[in-house]
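Q: here's a sequence, model it:
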Amino acid sequence: MTATTETLSASEDADELTRLRKENVRLARYMRRLEAKIGRNEAAAATQASLHSAQTFEQQKQEFYMRMLLDNSRHLILLLNTAGGVAYCTKMFLRLAGIVDFAKIDGRPLAAVLGEVIDPNWSREFGEKTSEAFARGLAFSVNAEIDFRRLGRRHYHVQFTTSLNAAGRAAGAIVLFNDVTEQEAALITAEQARLAKRELLANLNHEISYCLNEIGDVENRLSRLTKSTLEMSKIES
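A: Numbers count the residues shown, from 1 in each chain. Next up is the predicted model:
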């Protein structure tokens with residue numbers, strides 16, 4: 001090997017070494033950027049996981065208090081899913097409906113759950129109103145006559161309220177049954193009393209009018225008698 005050849009070989013080795021060093025520097029910079037990106041992603045993932053955990057905890061807490069409220073409520077309240085099926089209800093409803101286990105009605109349409117204690121026509125009309133309320137995000141109220149075995153036939157004012165999510169779409173519904181049997185009975189009694197009072201006043205007015213007419217007749221007779229007496233006195237004198 002000549003000196004010139006050795007010089008070229010050494011120069012090539014130096015160039016290769018320089019290139020490798022530059023490549024090494026470039027790779028080192030890339031690795032640092034990659035590590036930084038991985039670190040940011042891990043931090044973001046940890047933050048997201050923390051937020052999700054907090055949201056899950058908050059949601060669980062809200063569900064816990066909601067269930068505690070419903071379980072101890074003396075009202076007849078049902079929560080429906082968007083398909084119109086029962087998602088949850090108060091224990092009072094289960095007790096009055098004679099349902100031992102909620103699992104037996106979980107997800108079933110409300111009309112089917114009430115099928116044995118309410119008029120089928122009412123169930124059909126209620127189902128139609130429910131579908132419209134879900135589609136338009138509405139609330140409505142209807143009257144119902146329900147024959148719960150523990151209470152017998154009673155009258156209820158049923159309030160249906162669609163629950164909307166953040167996007168304004170139906171997420172479910174709340175159905176509240178208000179027992180208005182006593183109120184309706186009180187209204188009927190009050191109406192009967194009003195009618196009886198009006199009839200009594202009408203009768204009194206008739207009696208008073210009759211008495212006044214009789215008094216008028218007596219007064220007319222007395223007047224004629226007095227006039228006759230005076231005329232007779234004039235004749236005698």
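
Q: now the strands for this structure?
A: Counting by DSSP state E, the segments of the chain that form strands are 76-80, 86-89, 139-148, 152-164, 170-179.

Q: in JSON lines, list the ones you listed along with mean pLDDT and distance to residue 29.
A: To be clear about C-beta, it is placed using only N, CA and C from the backbone, and glycine gets the same treatment. Formatted as JSON lines, the strands of the chain follow (pLDDT from 0 to 100; distance: least, CB to CB, whole Å):
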{"stretch": "strand 76-80", "mean pLDDT": "90", "distance to residue 29": "58"}
{"stretch": "strand 86-89", "mean pLDDT": "90", "distance to residue 29": "56"}
{"stretch": "strand 139-148", "mean pLDDT": "87", "distance to residue 29": "62"}
{"stretch": "strand 152-164", "mean pLDDT": "88", "distance to residue 29": "52"}
{"stretch": "strand 170-179", "mean pLDDT": "90", "distance to residue 29": "50"}
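
Q: closest one to residue 203 among those?
A: Of all the strands of the chain, strand 152-164 sits nearest to residue 203, with 33.1 Å by CB to CB.

Q: angle of the closest one against strand 170-179?
A: Inter-element angle recorded for strand 152-164 and strand 170-179: 150 degrees (by axes from the mean of the first three to the mean of the last three CA atoms, to 10 degrees).

Q: can you list the buried residues in strand 152-164?
A: In terms of neighbour count (16 or more other CB atoms under 10 Å), strand 152-164 has its buried residues at 154, 155, 156, 158, 160, 162.

Q: quick one: which of those is nearest residue 186?
A: For residue 186, the nearest member of those is residue 155. The distance, counting by CB to CB, is 12.0 Å.

Q: number of nearby residues for the closest residue to the closest one other than its chain neighbours?
A: Nearest-residue entry for residue 155: residue 181, 4.8 Å, with adjacent residues in sequence omitted and distances by CB to CB, 6 or more residues apart in numbering. Residue crowding around residue 181 was assessed by other CB atoms under 10 Å; the count is 14.

Q: for residue 95, same thing?
A: Around residue 95 sit 13 other residues, with neighbours defined as other CB under 10 Å.

Q: and it, how far is that from residue 74?
A: 10 Å (CB to CB, to the nearest Å).

Q: got it, and residue 226?
A: For residue 226, the distance to residue 74 (CB to CB) stands at 78 Å.

Q: so for stretch 208-220, mean pLDDT?
A: In this model, stretch 208-220 has an average pLDDT of 74.

Q: export only the CA atoms of that stretch, formatted as CSV.
A: Provided in CSV are the C-alpha atoms of stretch 208-220 (Å, rounded to 0.1, in the frame of the first residue of the first chain):
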residue,chain,number,x,y,z
ILE,A,208,-139.7,33.9,51.0
SER,A,209,-141.3,34.9,47.7
TYR,A,210,-144.3,32.8,48.6
CYS,A,211,-144.6,34.3,52.0
LEU,A,212,-144.2,37.8,50.6
ASN,A,213,-147.0,37.1,48.2
GLU,A,214,-149.2,35.8,51.0
ILE,A,215,-148.5,38.8,53.1
GLY,A,216,-149.4,41.0,50.1
ASP,A,217,-152.6,39.2,49.7
VAL,A,218,-153.4,39.6,53.4
GLU,A,219,-152.6,43.3,53.2
ASN,A,220,-154.8,43.7,50.1
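
Q: nice, that's everything, thank you.
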